[in-house]
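Undergrad: give me coordinates for this.
(one chain, ligands or ions: 1)
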Amino acid sequence: MTAAPRQPRRRDVIAAAAVLPFVPADLCAHAVAAPASLGAVAADKGILFGTACLARHIETDPAYAALLARECRVIVAQDDLKWAALRPAPDRFDFTRADAVAGFCRRIGVPMRGHTLVWHEALPSWCNGRIDVRTAAPLLATHIATVVGRYRSRLHSWDVVNEAVDLDDGRADGLRETPWMRALGPSYVALAFELAAAADPSALLVYNDFGICDASPKARAKRTAVLRLIDRLKAARAPVHALGIQAHLSTSMTFEGRGMTDFLNDVADRGLRVMITELDVADDTPSLGNQDARVADAYAAFLDIVLPHRSTAACITWGLSDRYSWLRFLESTPSHGDLRPLPYDDGYRPKPALNAIQAAFARLP
Ligand code: XIL
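TA: Numbering: from 1, shown residues only. Next up is the predicted model:
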């Protein structure tokens, strides 16, 4: 029988922020001059601030590493803990890059977040046709025990299951058709949380999803489907502790305070914390000019709704500088090369988005 899930308090989620970053001199040499770090301003208001990054960028770009060290109280491995990075072959794990991110976190004195144990993307090609009724459960069990076990007691939190809801797939329970779903049925979500809790009983375990931030009917329907999933997980006594709201925003989105606050209340009533896990803003009309102002306005509009909620414990951006934003490489996004979605520009100069995020923290009581 599974133990009753721990109810995390805001204190649990931000406890990591109490670690004072130790920034080595070689990283400080490149630090940009800015008034106060986002991490410090957020921590003052009880919010854990951080960002996602790749081992490659930490290793090759000391100025960027310094910026991360200066601003962040938590770091997420953006790609280096995904299956595609860790699992070169069915019988092999390669932790080189994941350990590089973990080592960086240790050097700058902040915890790492794990992303992500179960997802339908970033699976290595050897998985094609190999995830079936017979193999899926042992594959998941080995993966989760090995990966979570390696960083046991050292990670801030884990995105255990990523993007399991997709209403477009037409299932009554709202779940996405994925290789894990086809092999194991809907219970694969609870199974993943149980495996993660068994491998690291101290980790904060997160369900993470996108498309639940704005006022569109589609986002409203998805929020309801995510709540239903949380209800089923709670009914199965699965150890889920927080909801990760990815928050890949765009400038054409409108945000509704009431609908989102109701949703956050519903999440809190179920005993879960909320973490903004992948915040960035894509501009839908970069050719119009004034992109930086539109992007900053979207940050402010969203954060002013979500940050003040009692359940919100963390705010994590998906990168710090436009130079490395994943959106620049996303060909499905219009004019992706022209996007300026993050708080710092290509030369690591602060942008209006940075001021907007800082101001949103500062407005918190
Ligand atoms: C993205 C990374 O940023 C890219 O580097 C990679 O090429 C593709 O994945 N939702 C998620 C993240 O949960 O893992 C995705 O990250 C962005 C969308």
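Undergrad: so what's Q358 closest to, chain neighbours aside?
TA: V41 (5.4 Å; CB to CB, 6 or more residues apart in numbering). Using the backbone N, CA and C atoms, a C-beta is placed for each residue, glycine as well.
Undergrad: pLDDT at the residue of the stretch 101-250 of the chain found nearest the ligand, what is it?
TA: Of all residues in the stretch 101-250 of the chain, the one sitting closest to the ligand is N162 (5.0 Å; CB to the nearest ligand atom). N162 carries a pLDDT value of 99.
Undergrad: measure the residue nearest to Q358 to L339 for me?
TA: As defined by CB to CB, to the nearest Å, V41 lies at a distance of 25 Å from L339.
Undergrad: so which of those two has more stuff around it?
TA: L339 (23 against 20; other CB atoms under 10 Å).
Undergrad: quick one: end-to-end length of stretch 79-89, please.
TA: End-to-end span of stretch 79-89 (CA to CA, to the nearest Å): 17 Å.
Undergrad: give me every residue in the protein lying close to the ligand.
TA: With the criterion set to CB under 6 Å from any ligand atom, the chain comes near the ligand through Q78, D79, N162, F210, Q246, E278, W326.
Undergrad: would you check that P239 makes contact with V206?
TA: No - contact criterion CB atoms under 8 Å: P239 and V206 do not qualify, at 10.9 Å.
Undergrad: between those two, which one's more packed in?
TA: Just comparing P239 and V206: by other CB under 10 Å the higher neighbour count belongs to V206, 30 against 21.
Undergrad: list the residues that contact that one.
TA: S157, W158, D159, V160, V240, H241, A242, L243, G244, M275, T277 (CB atoms under 8 Å, 6 or more residues apart in numbering).
Undergrad: now do the phi/psi pair for it.
TA: phi -120, psi 140 (degrees, to the nearest 10).
Undergrad: any idea how far it is from R310?
TA: V206 sits 18 Å away from R310, going by CB to CB.
Undergrad: next, the buried residues of stretch 267-278.
TA: V267, A268, R270, G271, L272, R273, V274, M275, I276, T277, E278 (16 or more other CB atoms under 10 Å).
Undergrad: which secondary structure state does the last one sit in?
TA: In three-state terms, and counting by DSSP: H, G, I helix; E, B strand; the rest coil, E278 is strand.
Undergrad: tell me how far it lies from Q246.
TA: 4 Å.
Undergrad: just the third one next, same as before
TA: Taken as CB to CB, the spacing of R270 relative to Q246 amounts to 19 Å.
Undergrad: equivalent analysis for the second one, please.
TA: Counting by CB to CB, the gap between A268 and Q246 amounts to 19 Å.
Undergrad: which non-adjacent residue is nearest the most centrally placed residue in the chain?
TA: In the chain, the C-alpha nearest the mean C-alpha coordinate belongs to T277, at 3.0 Å (CA atoms, centre = their mean). Distance criterion CB to CB, 6+ apart; nearest residue to T277, sequence neighbours excluded, is G244 at 3.8 Å.
Undergrad: the one you found - how many residues pack around it?
TA: 27.
Undergrad: repeat for V110
TA: Neighbour tally, V110, other CB under 10 Å: 25.
Undergrad: report the helix or strand with the lowest average pLDDT across this protein.
TA: helix 25-28 (a mean of 41; mean pLDDT, DSSP states H and E).
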